Structures are given as structure tokens and as C-alpha cells.
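>>> Quick one, what's the 3D model for this:
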Amino acid sequence: MMEVLPTALDSVLLIKPPTIFEDFRGQYVETYNRNAYFNAGIPIEFIQDDISVSYRNVLRGIHGDAKTWKLVTCLQGSFYLVVVNNDPGSSQYRKWTSFTLSDANRLQVLIPPKFGNGHIVMSDHAIFHYKQTTDYDRAGQFTILWNDPTLKIWWPVAHPILSQRDSGLPL
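Residues are numbered from 1 along each chain as shown. Now for the predicted structure:
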């Protein structure tokens with residue numbers, strides 16, 4: 001049964017998907033059902049699905065934009081997900097929270113516009129899946145440094161593998 005739980009950040013939700021079934025053959029997981037999500041108070045129209053496959057200790061993000069909702073799922077492996085409120089008009093501006101998502105717990109996180117998200121892979125490799133409400137627009141994105149000293153984000157790895165963008169180096 002689908003469960004929707006509030007988190008430490010307003011509008012960020014932790015979700016147990018509508019159907020998770022396991023038997024001797026393996027698992028069946030329904031990661032999204034429009035009617036179930038709408039009935040649970042999440043009337044969001046997603047238009048694009050994306051995945052990233054990364055290896056242990058790879059950190060991607062923290063990225064976001066002003067208009068996109070994202071529904072994040074771990075399809076395989078496990079990762080530590082950080083969500084940061086980047087809305088200057090919010091009382092929770094620059095506050096963050098974290099989650100561990102995996103193919104074992106099957107949890108999802110709904111991330112609103114003006115929030116950034118980043119993740120670090122904790123298993124040998126992981127498949128990060130997200131649904132989004134807009135087409136990808138790199139020019140419209142913001143990047144928050146994963147180790148911004150003003151945020152004091154705890155990461156489970158001290159020296160992650162980073163892209164040039166996520167290192168804070170000029171592209």
C-alpha cells in the first residue's frame with residue numbers, strides 16, 4: 001500500500017510506492033501510477049524520465065532549478081540522497097535533509113522546484129531514476145557545491161569522485 005510521509009523540509013515527501021510484491025521468483029515494484037499518486041495528494045504531471053548509472057563513491061549534484069518537480073527512485077544498488085532548499089523566499093532556505101534509497105527499501109523522494117538534490121553511490125554501482133515535470137534545461141539549473149562550508153552537509157564519503165561541474169571548477 002502506498003505511503004506518503006512528510007520530511008524535515010516542507011514539500012519534500014518520502015514515498016513508499018503503491019505496489020511492492022516479492023515471492024520466490026523475485027520482485028515486482030510499481031514505481032509510479034498516476035491515479036494512485038493523484039489520489040494520495042500528489043497531482044503532478046511528469047513528462048520525462050531519466051536514469052544515471054554510477055559507481056561506488058561517485059557523487060552527482062547538488063543540482064536543481066526553479067520549475068521542476070522530481071520523483072527520485074533507486075532502481076538498483078543504494079545511494080545517499082541529499083536535498084537542499086534553495087528558495088530564498090522560504091523560511092527553510094539553505095536547510096537540507098538526507099535519505100538512503102536502495103533496491104531493498106524501494107523508497108522514493110519527491111523533490112519540489114527550487115530544491116537541489118545530489119547523491120553519492122554506496123554500493124558497487126547504482127541506478128538513479130527520476131521522473132521530472134519539465135524537459136531538461138541545463139542553462140536553467142543551479143549548482144550548490146557538495147561541500148559548501150555554510151551548509152555543513154554530512155556525506156558518508158570524505159573524498160568522493162566528482163565531475164568538473166560538481167568540483168566547482170569552471171567548465
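>>> Could you give the bridge partners of the closest residue to Asp135 other than its chain neighbours?
Excluding the flanking residues, the one nearest Asp135 by Cβ to Cβ, 6 or more residues apart in numbering is Gln48, at 6.0 Å. Yep, even glycine has a C-beta here, placed from its N, CA and C like the rest. Counting by DSSP bridges, Gln48 forms beta bridges with Gln132.
>>> what's the burial count for Gln48?
When counting by other Cβ atoms under 10 Å, one arrives at 13 neighbours for Gln48.
>>> Let me know whether it touches Asp137 as I believe.
No. Between Gln48 and Asp137 there is no contact under Cβ atoms under 8 Å: 10.8 Å.
>>> wait, Met122 sits on Cys74?
No. If you go by Cβ under 8 Å, Met122 and Cys74 don't touch, sitting 9.9 Å apart.
>>> Neighbour count: these two, which is higher?
More neighbours surround Cys74 than the other of Met122 and Cys74, with 27 against 18 (other Cβ under 10 Å).
>>> helix or strand for the more buried one, which one?
Using DSSP states H and E, Cys74 sits within strand 70-76.
>>> is it true that Arg165 lies in a helix?
Yes. Checked against DSSP: H, G, I helix; E, B strand; the rest coil, Arg165 lies within a helix.
>>> For it, give me the pLDDT.
At Arg165, the pLDDT value in this model is 91.
>>> Then Leu145?
96.
>>> Hmm, Gly168 and it touching each other?
Yes. Counting by Cβ under 8 Å, Leu145 touches Gly168, with 5.0 Å between them.
>>> Just grab the bridge partners of the most centrally placed residue in the chain for me.
For the chain, the residue nearest the mean C-alpha position is Val72 (4.3 Å; Cα atoms, centre = their mean). On the basis of DSSP bridges, Val72 takes part in beta bridges with Val109, Tyr130.
>>> Just the element for Tyr37, please.
Assigned by DSSP H and E, Tyr37 falls in helix 34-39.
>>> Which elements pack onto that helix?
Packing partners of helix 34-39 (3 or more Cβ pairs under 8 Å, 6 or more residues apart in numbering; DSSP states H and E): none among the helices and strands.
>>> what's in contact with that helix?
With contact meaning Cβ atoms under 8 Å, 6 or more residues apart in numbering, helix 34-39 is reached by 2, 18, 30, 43-44.
>>> Farthest from the middle of this structure: give me that residue.
Distance to the chain centre peaks in the chain at Phe24, reaching 30.1 Å (criterion: Cα atoms, centre = their mean).
>>> Report the spatially closest residue to Ile51, excluding sequence-adjacent ones.
In space, and not counting its chain neighbours, Ile51 is closest to His129: 4.9 Å by Cβ to Cβ, 6+ apart.
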